[in-house]
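Q: sequence and computational prediction follow.
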Amino acid sequence: MDPVNLFVPSFRIEETLAEIRQCLEKGWTGLGYKTVDFEEAWKDYTGLPHAHFVNSATAGLHLAVRLLKEERGWQDGDEIITTPLTFVSTNHAILYESLRPVFADVDDHLCLDPASVESRISDRTRAIMFVGMGGNTGRFQDIVEICGRRGLSLILDAAHMAGTRMNGTHVGPESDVSVFSFQAVKNLPTADSGMVCFRDARLDHAVRKWTWLGIDKDTFSRTHSKGSYKWHYDVVHDGFKYHGNSIMAAMGLVSLRYLEQDNAYRRQIAAWYDERLVEEEKIRRVPVAPGCLSSRHLYQILVDNRDEVILALNESQIYPGVHYRDNTLYQMYRYARGTCPRSMSAGGCIISLPLHLRLTYADVQRVCTSLLDIIRRRVSLSKESDHAEAQHPSD
Ligand SMILES: *Cc1c(COP(=O)(O)O)cnc(C)c1O
């Protein structure tokens with residue numbers, strides 16, 4: 001039997017090679033050229049006013065925090081309210097800038113719970129970091145409202161959300177900055193890259209210097225419009241080497257052409273899972289929020305004895321994943337352990353079932369049949385042992 005894996009990226013190989021070939025023939029693989037085309041294409045697709053192509057979403061998240069901190073005069077030790085149920089990039093980005101991640105709990109969508117967020121707001125809170133888990137918007141609209149009312153900035157970790165729409169509009173315009181990932185197993189695959197999208201034109205302008213070592217070509221081009229003396233640029237601050245390149249952008253341009261169709265197939269797979277799994281009450285499915293057209297990066301369920309269930313699935317060559325363990329289980333975030341009980345308990349029960357474009361209807365049936373067998377076998381085993389105990393109470 002062939003293995004059924006969690007994620008397998010799909011590339012349109014000939015079309016992608018043709019796009020990359022253009023870079024090679026032109027002799028231009030770095031910053032500029034395809035990176036500019038891809039930024040334009042992403043703005044067209046999402047309707048967002050600004051987009052800057054970076055080498056990863058992790059870099060984008062770092063700069064999101066950094067630029068807001070600088071612009072809004074945040075101090076070291078100021079707080080950002082965030083979720084413990086995420087990939088570590090989200091919260092590392094806060095620490096990179098000497099700010100403090102304050103964890104709030106999650107709701108049924110495995111996204112931040114607005115009530116818990118409000119309870120964590122202090123006079124040092126500056127922003128909320130929201131993660132759209134698996135492409136879901138959860139109660140993002142309520143978080144937007146809280147930020148407006150309490151004067152907080154809003155950062156959207158949209159790593160899973162390429163193509164997610166809320167009430168018909170692509171997500172992103174609600175937040176001060178949204179960061180997308182185009183890492184190989186995300187919905188819009190390259191090898192590694194991402195997009196940082198600021199709402200404010202000035203920050204979009206500024207971030208371009210931060211991603212390339214503080215180099216400011218604008219001051220030069222303003223004074224030398226003929227374009228000679230290219231070496232006479234100014235360097236305005238240190239900055240980082242975070243910008244994207246034309247090879248990644250070439251891959252992204254092709255993946256973007258298929259994103260709508262690919263996400264529709266992901267939603268089809270999710271519907272097939274729903275159809276079979278709805279009948280088993282021991283399997284709790286994570287609901288998609290009303291009004292959300294999810295990119296369906298993940299299909300998540302919660303079960304008791306998660307680790308056992310995954311090992312049993314592995315015996316049938318089915319390899320699901322876990323997104324995520326609660327981050328406060330990690331040494332470096334243990335200061336907040338115990339503050340988010342729902343996230344902690346969900347983190348112990350979550351399974352992400354295989355979800356990628358090569359899965360067929362038959363693959364999904366095979367996963368469901370194995371999963372239902374395992375869950376029901378466990379249930380009947382535990383019933384038998386209850387029965388045995390009842391008959392032999394002294395054993
Ligand atoms: C993948 C991921 C990131 C980081 O993306 P990279 O492009 O790999 O840096 C950040 N946040 C979440 C929620 C992710 O899943």
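A: Alright, I've got the coordinates. Residues are numbered from 1 along each chain as shown.

Q: and stretch 361-379, which residues are buried?
A: By neighbour count with 16 or more other CB atoms under 10 Å, stretch 361-379 contains the buried residues 363-364, 366-368, 370-372, 374-375, 378. C-betas here are computed from N, CA, C, even on glycine.

Q: repeat for stretch 75-88
A: Within stretch 75-88, the residues that qualify as buried are 78-87, counting by 16+ other CB under 10 Å.

Q: domain ranges for the protein?
A: Per the record's domain assignment (automatic domain parsing), the chain is made up of the domains 10-257, 260-380.

Q: one step back: got TSV for the buried residues of stretch 361-379, with pLDDT, secondary structure and distance to V117 too?
A: Putting the buried residues of stretch 361-379 into TSV (pLDDT from 0 to 100; DSSP: H, G, I helix; E, B strand; the rest coil; distance: CB to CB, whole Å) gives the following:
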residue	pLDDT	secondary structure	distance to V117
D363	98	helix	38
V364	98	helix	35
R366	98	helix	40
V367	98	helix	35
C368	98	helix	35
S370	97	helix	38
L371	98	helix	33
L372	97	helix	36
I374	96	helix	36
I375	95	helix	33
R378	75	helix	36
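
Q: give me the subset of the buried residues of stretch 75-88 lying in helices.
A: Among the buried residues of stretch 75-88, no member falls in helices (criterion: DSSP state H).

Q: for the residues you listed, which one is nearest the ligand?
A: Closest to the ligand out of the buried residues of stretch 75-88 is F87 (3.8 Å), distances taken as CB to the nearest ligand atom.

Q: excluding chain neighbours, what is closest to that closest one?
A: Y324 (6.2 Å; CB to CB, 6 or more residues apart in numbering).

Q: surely that neighbour forms part of a strand?
A: No - the assignment for Y324 is coil, going by DSSP: H, G, I helix; E, B strand; the rest coil, so no strand is present there.

Q: my guess is it contacts G347. True?
A: Yes - A contact is recorded between Y324 and G347 when judged using CB atoms under 8 Å, the distance being 6.5 Å.

Q: now do the shared contacts for these two.
A: Between them, Y324 and G347 share the neighbouring residues L85, with contact defined by CB atoms under 8 Å, 6 or more residues apart in numbering.

Q: quick one on the thing from earlier: just the buried residues of stretch 75-88 that are near the ligand?
A: Applying CB under 6 Å from any ligand atom to the buried residues of stretch 75-88, one finds that 86-87 fall near the ligand.

Q: save the buried residues of stretch 75-88 as JSON lines, and put in distance to V106 and pLDDT too.
A: Written out in JSON lines, the entries for those read as follows (distance: CB to CB, whole Å; pLDDT from 0 to 100):
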{"residue": "D78", "distance to V106": "23", "pLDDT": "98"}
{"residue": "E79", "distance to V106": "18", "pLDDT": "98"}
{"residue": "I80", "distance to V106": "16", "pLDDT": "98"}
{"residue": "I81", "distance to V106": "12", "pLDDT": "98"}
{"residue": "T82", "distance to V106": "11", "pLDDT": "98"}
{"residue": "T83", "distance to V106": "6", "pLDDT": "98"}
{"residue": "P84", "distance to V106": "8", "pLDDT": "98"}
{"residue": "L85", "distance to V106": "5", "pLDDT": "98"}
{"residue": "T86", "distance to V106": "10", "pLDDT": "98"}
{"residue": "F87", "distance to V106": "14", "pLDDT": "98"}
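
Q: about what we covered before: most packed of the domains of the chain?
A: Using mean count of other CB atoms under 10 Å, the stretch among the domains of the chain with the largest mean neighbour count is domain 10-257, at a mean of 20.

Q: end-to-end on that one?
A: Its start and end residues considered, domain 10-257 measures 13 Å (CA to CA, to the nearest Å).

Q: do the same with stretch 111-124
A: Counting by CA to CA, the length from the leading to the trailing residue of stretch 111-124 is 23 Å.

Q: so what pairs up with V235 in the strands?
A: Here V235 sits in beta bridges with I215, as judged by DSSP bridges.

Q: many thanks, I have nothing further to ask.
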